[in-house]
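**Q** the amino acid sequence is not available; the structure is as follows:
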């Protein structure tokens with residue numbers, strides 16, 4: 001699937017549309033993706049900061065979806081586990097930058113060359129407008 005179509009589909013996907021989660025940028029090769037979320041009345045919590053569930057939703061599927069495109073149909077890519085650690089309250093616009101390096105992709109291919117199962121852990125930070133970390137997520141695929 002072309003990256004531009006993928007971006008449009010995700011940006012109109014009702015759960016993300018409703019939470020205000022938006023793919024701001026995606027590279028044509030699916031290796032670089034930026035997700036943003038503005039603080040709105042419908043995605044803030046009781047104390048006026050970003051709802052933790054929305055922060056997690058920002059990072060939930062993207063490494064899996066990116067790897068599915070990069071590795072191709074001969075690979076089965078699935079989310080196995082996830083953790084998120086909240087570092088500080090999220091205010092304003094927050095973003096998460098997903099990057100698949102040549103090294104991480106080569107590592108996955110090497111670890112699975114014999115058909116073995118491999119569970120890489122990929123991390124992503126959610127940062128605020130000032131560049132401070134709001135949360136760190138770790139996805140096991």
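**A** Received, thanks. Since we're looking at a predicted model, the values are computed, not measured.

**Q** what is the least confident helix or strand in the protein?
**A** helix 14-19 (a mean of 92; mean pLDDT, DSSP states H and E).

**Q** the helix or strand just after that one - what's its average pLDDT?
**A** Past helix 14-19, further along toward the C-terminus, the next helix or strand under DSSP states H and E is strand 21-26. On average, the pLDDT along strand 21-26 is 97.

**Q** which parts of strand 21-26 are buried?
**A** Across strand 21-26, burial judged by 16 or more other CB atoms under 10 Å covers 21, 22, 23, 26. Quick note: C-beta positions are derived from backbone N, CA and C, even for glycine.

**Q** quick check: bridge partners of the last one?
**A** Put plainly, it is residue 26. On the basis of DSSP bridges, residue 26 is bridged to residue 33.

**Q** could you find the closest non-adjacent residue to residue 45?
**A** Excluding its sequence neighbours, the residue lying closest to residue 45 (CB to CB, 6 or more residues apart in numbering) is residue 51, at 4.6 Å.

**Q** I meant residue 86, not that one.
**A** Among residues not flanking residue 86 along the chain, residue 135 sits closest, at 4.9 Å (CB to CB, 6+ apart).

**Q** pretty sure the one you found is in a helix, no?
**A** No - Residue 135 sits outside any helix when classified using DSSP: H, G, I helix; E, B strand; the rest coil, being strand.

**Q** hang on, the earlier thing: how about the contacts made by the residue nearest to residue 45?
**A** Residues in contact with residue 51 (CB atoms under 8 Å, 6 or more residues apart in numbering) are 43, 44, 45.

**Q** the first one contacts residue 55, correct?
**A** Just to be clear, that refers to residue 43. No - if you go by CB atoms under 8 Å, residue 43 and residue 55 don't touch, sitting 9.2 Å apart.
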